[in-house]
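[1] Got a predicted structure plus its sequence, pasted below:
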Amino acid sequence: MISIEDALFKVKRNVNPLLKEDVKAIEKANGYHLSKDVISPINMPPFRQSAMDGYALNLHDDLNYRLIDEVKAGDGHQPNLKPGEAVRIFTGAPVPDSANAIMMQEKVITNNDTITIDHQINLEQNIRPLGEQVKQGDIALKRGTKLTPAGIGYLTSLGITKVSVYKKPTLAIVTTGNELIEPGQELQYGQIYESNSKMLQSVLYSLKFYDVSIYKVADDYPKTVDLLKSVINKNDLVLITGGISVGDYDYVGKALNELQVEEIFYKVNQKPGKPLFFGKKANTSIFALPGNPAAALTCFYVYVYIALQNMMDRTDTELPRIQATSLSKFVKRGDRPQFLKAIYNNGNVELLEGQNSSMLQTFALSNALVFVPAEISEVNIGDALETIVLPV
Ligand SMILES: Nc1nc2c(c(=O)[nH]1)N[C@H]1C(S)=C(S)[C@@H](COP(=O)(O)OP(=O)(O)OC[C@H]3O[C@@H](n4cnc5c(N)ncnc54)[C@H](O)[C@@H]3O)O[C@H]1N2
Ligand code: MOO
């Protein structure tokens with residue numbers, strides 16, 4: 001059995017960036033990381049642009065100007081202003097080269113073909129310079145940048161329609177167990193509804209990993225070997241749940257061994273999630289998560305999350321841990337370090353009743369996991385607690 005620190009280290013060290021590239025239409029690229037620098041094909045803005053509705057001026061010492069023309073957004077003409085002349089202009093319109101400031105209309109009095117501004121203004125005021133955001137040929141966004149809705153809008157504003165991104169891993173979830181049936185069927189004595197696959201699929205989707213297939217296998221050794229063989233061949237990451245402990249019908253460990261999956265570790269000194277297995281075959285990472293649902297999800301957030309980030313070549317691979325003040329008392333039984341389901345709010349954290357690894361009811365109310373180290377046996381109100389705020 002290894003420590004949590006060792007297990008975290010081994011996951012980080014053994015999962016490599018996938019670095020497979022793909023070209024995506026910009027509108028489908030949200031959440032992907034750029035695999036190449038994006039070079040701006042244009043200056044943005046592409047022309048000197050008015051930031052206000054008002055008057056473009058060719059400045060002189062007097063407050064009075066002669067109004068000679070109008071330029072609205074989308075116009076292509078270039079009136080030629082002499083010092084002391086003005087043109088009516090609107091937000092987003094191109095500013096004539098001969099104009100050197102814009103006065104907003106609220107500060108202007110108009111009378112027929114002359115205007116009076118209420119104070120002198122600075123050169124270039126209210127004019128967005130050519131290429132102010134980015135210049136043609138410069139890097140618009142760097143390789144590795146995660147595209148967000150703002151990023152999609154920004155690149156689209158540069159006329160970009162396709163981007164090179166890193167492919168996301170292909171993922172498989174495999175559930176094991178004779179007792180598991182699909183919701184929708186009537187439960188027979190001894191059966192339970194299979195829930196880990198939908199839970200893990202949801203967390204993957206919420207992290208924007210969509211290439212997820214789900215497989216189910218009974219507690220049957222040859223079938224488990226066959227299924228795992230093909231799933232490991234076809235995917236970058238395989239998440240198996242259940243069948244990894246020491247029972248006579250726990251076939252996952254034996255099957256992985258027969259398939260020559262390299263064991264990086266098996267069993268971590270933690271609660272929940274002690275029987276966690278992590279291994280590799282060629283470039284595929286394999287986690288066998290404990291079947292107990294809360295243990296499986298905890299292991300996902302603590303370990304699988306890191307593997308996914310590594311595959312995407314991220315440096316910020318662990319979920320952030322912050323210090324929060326305990327609102328609860330808690331007595332830890334046993335000497336395993338423990339992850340506790342909790343509600344974090346504004347610097348405080350409440351530890352919930354019902355921490356059993358078979359129970360999801362508490363997890364369903366949680367937005368955080370609190371880490372209680374081995375040497376701490378009691379938590380008191382006001383204690384500082386290491387808190388992992390979950391991406392929920
Ligand atoms: N003699 C020992 N027994 C157990 C040990 C041990 O050290 N010695 N460890 C216990 C711990 S801790 C855990 S965690 C579990 C893990 O066991 P498995 O990973 O082999 O999981 P299963 O036995 O298959 O299932 C455990 C539990 O979870 C339910 N389950 C499984 N899959 C699903 C699913 N897809 N959806 C919903 N629920 C699922 C299953 O029915 C069991 O109740 O082992 C302990 N035993
Ligand atoms: O390690 Mo288990 O997950 O406590 O039930």
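    Done, it's in. Numbering: from 1, shown residues only. Ligands and ions are numbered 1, 2, ... in the order given.
[2] contacting residues for the closest residue to ligand 2 within the stretch 101-250 of the chain?
    Among the residues of the stretch 101-250 of the chain, residue 245 lies closest to ligand 2, at 8.4 Å counting by C-beta to the nearest ligand atom. Heads up, the C-betas are built off the backbone N, CA and C, glycines and all. Contacts for residue 245 were tallied using C-beta atoms under 8 Å, 6 or more residues apart in numbering; they are 275, 290-291.
[3] Over to residue 221?
    251, 254-255.
[4] How about residue 276?
    7, 244, 265-268, 270, 287-290, 299, 303.
[5] Can you tell me which of those lies closest to ligand 2?
    Comparing these against ligand 2 with C-beta to the nearest ligand atom places residue 290 closest, at 4.5 Å.
[6] Hmm, the closest one is touching residue 299, no?
    Yes: if you go by C-beta atoms under 8 Å, residue 290 and residue 299 touch, sitting 6.9 Å apart.
[7] any residues in contact with both of these two?
    Contacts common to residue 290 and residue 299, judged by C-beta under 8 Å, 6+ apart, are 272-273, 276.
[8] per-domain residue ranges of the chain.
    Annotated domains of the chain cover 4-19+168-311, 21-40+144-166, 49-128, 321-389 [automatic domain parsing].
[9] Can you say which of the ones you listed is nearest to ligand 1?
    Nearest of those (C-beta to the nearest ligand atom): domain 4-19+168-311, 2.5 Å.
[10] In the protein, where's the longest helix?
    helix 221-234 (DSSP state H).
[11] could you dump that helix to PDB, C-alpha only?
    Below are the C-alpha coordinates for helix 221-234, written out as PDB (Å, rounded to 0.1, in the frame of the first residue of the first chain):
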ATOM      1  CA  TYR A 221     -13.300 -13.800 -15.800                       C
ATOM      2  CA  PRO A 222     -13.100 -14.600 -19.500                       C
ATOM      3  CA  LYS A 223     -15.600 -11.900 -20.400                       C
ATOM      4  CA  THR A 224     -13.800  -9.400 -18.300                       C
ATOM      5  CA  VAL A 225     -10.500 -10.200 -20.000                       C
ATOM      6  CA  ASP A 226     -12.000 -10.000 -23.500                       C
ATOM      7  CA  LEU A 227     -13.800  -6.700 -22.800                       C
ATOM      8  CA  LEU A 228     -10.800  -5.100 -21.100                       C
ATOM      9  CA  LYS A 229      -8.500  -6.200 -23.900                       C
ATOM     10  CA  SER A 230     -10.500  -4.400 -26.600                       C
ATOM     11  CA  VAL A 231     -11.300  -1.400 -24.500                       C
ATOM     12  CA  ILE A 232      -7.700  -0.800 -23.600                       C
ATOM     13  CA  ASN A 233      -6.700  -1.100 -27.300                       C
ATOM     14  CA  LYS A 234      -9.200   1.500 -28.400                       C
END
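[12] still on that earlier bit, ok, residue 290 and residue 299, which is more surrounded?
    More neighbours surround residue 299 than the other of residue 290 and residue 299, with 29 against 24 (other C-beta atoms under 10 Å).
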